Structures are given as C-alpha cells and as structure tokens.
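Undergrad: Got a predicted structure here, sequence first:
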Amino acid sequence: MRVDAHPRRLLAYVNDELVIDTDAKIINEWRLRRDWDGRVGVIALTMDEPGAAARFTQFDIYADNQEP
C-alpha cells in the first residue's frame, strides 16, 4: 500500500491501483475542526492471507492550518 498526502488531497494505492482519492472538501472539513492535529491514520488489511495482520500508520498532512 502506498499513500500520498498532499495539502488538500489524500491518495492511497494498493498494488499501484488507486483505491482512495479524497477531494479538497473532506480535507478542508478536517482542517476546520479545532481538535484536529493535522494527522491522518491509515489501516491496511490483507484478506485471505495466512498470518496476515493489520497495520496502522499515522502521518502528518502538511497543510496551511490557519487559526479561525
């Protein structure tokens, strides 16, 4: 899984296939929340694989978080 975080967009790929594409609207909604610290988490799951485990990754979205 590969995740590309841009200031107003989040893209996630599984085996080079785009599976998540957020638009500016959802990122802007997060940015307006006072309790949001600028981090996004992604959980990657593997189906039907012996011994598979979930992996959680958290990373920063570099955005111009301005005070309201």
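TA: Received, thanks.

Undergrad: Now for the spatially closest residue to residue 10 that is not a sequence neighbour: which residues touch it?
TA: Spatial nearest neighbour of residue 10, chain neighbours left out: residue 22 (4.4 Å); criterion: C-beta to C-beta, 6 or more residues apart in numbering. Backbone N, C-alpha and C define where each C-beta goes, glycine included. Residues counted as contacts of residue 22 (C-beta atoms under 8 Å, 6 or more residues apart in numbering) are 9-11.

Undergrad: Low-confidence stretches in this protein?
TA: 7, 24, 26-27, 38-47, 52-68 (pLDDT under 70).

Undergrad: Helices along that one, start to end?
TA: All helices of the chain, identified by DSSP state H, fall at 24-32.

Undergrad: Next, find the distance separating the closest residue to residue 36 other than its chain neighbours from residue 11.
TA: The spatially closest residue to residue 36, leaving aside those adjacent along the chain, is residue 30, at 5.1 Å (C-beta to C-beta, 6+ apart). For residue 30, the distance to residue 11 (C-beta to C-beta, to the nearest Å) stands at 16 Å.

Undergrad: same check, this time on residue 34
TA: 26 Å.

Undergrad: Counting neighbours, go ahead and name the busier of the two.
TA: Applying other C-beta atoms under 10 Å to residue 34 and residue 11 shows that residue 11 carries more neighbours, namely 14 against 6.
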